[in-house]
Structures are given as structure tokens and as C-alpha cells.
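Colleague: what's the 3D shape of this:
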Amino acid sequence: MQTLAREFNFAETTFVLPPADPRHTRRVRIFTPRTEMAFAGHPTIGTAAVLASPVSSIRRATPPPSFSKRASGRSRSRFGWTAARRSRG
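Modeller: Numbering: from 1, shown residues only. Predicted coordinates:
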């Protein structure tokens, strides 16, 4: 996951995984291009918003109807569909 985060080169990259604890619904890991973070507010809220979205491509595991890799910045990986914007820093 660190390798993908480094390749994406976004300020933060989140990965949604099956839960480690069966009482939970998901496990989220957060990476910067250099390291994994134990917690970060903005990526956590952004990931929660995507998962709660009725058109969440993560829950459906299929691209949205308007899928265009070049136009939307979305791509398919073994972890599922990703969508993100590069940081300006």
C-alpha cells in the first residue's frame, strides 16, 4: 500500500480493507507518499463520505457510468476503484 501511495503522490491516500475486528464494518489505512499515519481527520471524513455515498464505487466494485480514466482520475487496481486529486503542494 505504501508503494501505491508513493506512486499516486497524493497528500493522503486511504485504503479500505475488511475489518480486523468483526464488530466493525471496515478498516481504513491512511498513507502519505512517505509514511503510514495512525489517524488523520480529512482523509477519514473523505473516506466515510465516499463509503456512505449511494453511488460509492467502492461498495459496488464497478465504475460509475461516466467512467473515464483520463477525465476523472479514476483507475482500477487490485484494491478496487480509486478516485483522487493530486495535492498542489
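Colleague: what's the spacing between the closest residue to Thr35 other than its chain neighbours and Thr25?
Modeller: Computed as CB to CB, 6 or more residues apart in numbering, the closest residue to Thr35 that is not its neighbour in sequence is Gln2, at 7.8 Å. In this view, the C-beta of every residue, glycine as well, is placed from N, C-alpha and C. According to CB to CB, to the nearest Å, Gln2 stands 24 Å off from Thr25.
Colleague: more crowded one of the two?
Modeller: The residue with more neighbours, out of Gln2 and Thr25 and counting by other CB atoms under 10 Å, is Gln2; that gives 14 against 10.
Colleague: please identify the buried residues of the longest helix that the chain contains?
Modeller: Looking across the chain with DSSP state H, the single longest helix is helix 41-52. For helix 41-52, the neighbour count (16 or more other CB atoms under 10 Å) marks Pro43, Thr47, Val50 as buried.
Colleague: now swap in stretch 27-45 and tell me
Modeller: Val28, Arg29, Ile30, Phe31, Thr32, Ala40, Pro43.
Colleague: just to revisit the earlier point, out of the buried residues of helix 41-52, which one has the weakest pLDDT?
Modeller: Between these, the one the model trusts least by pLDDT is Val50, at 83.
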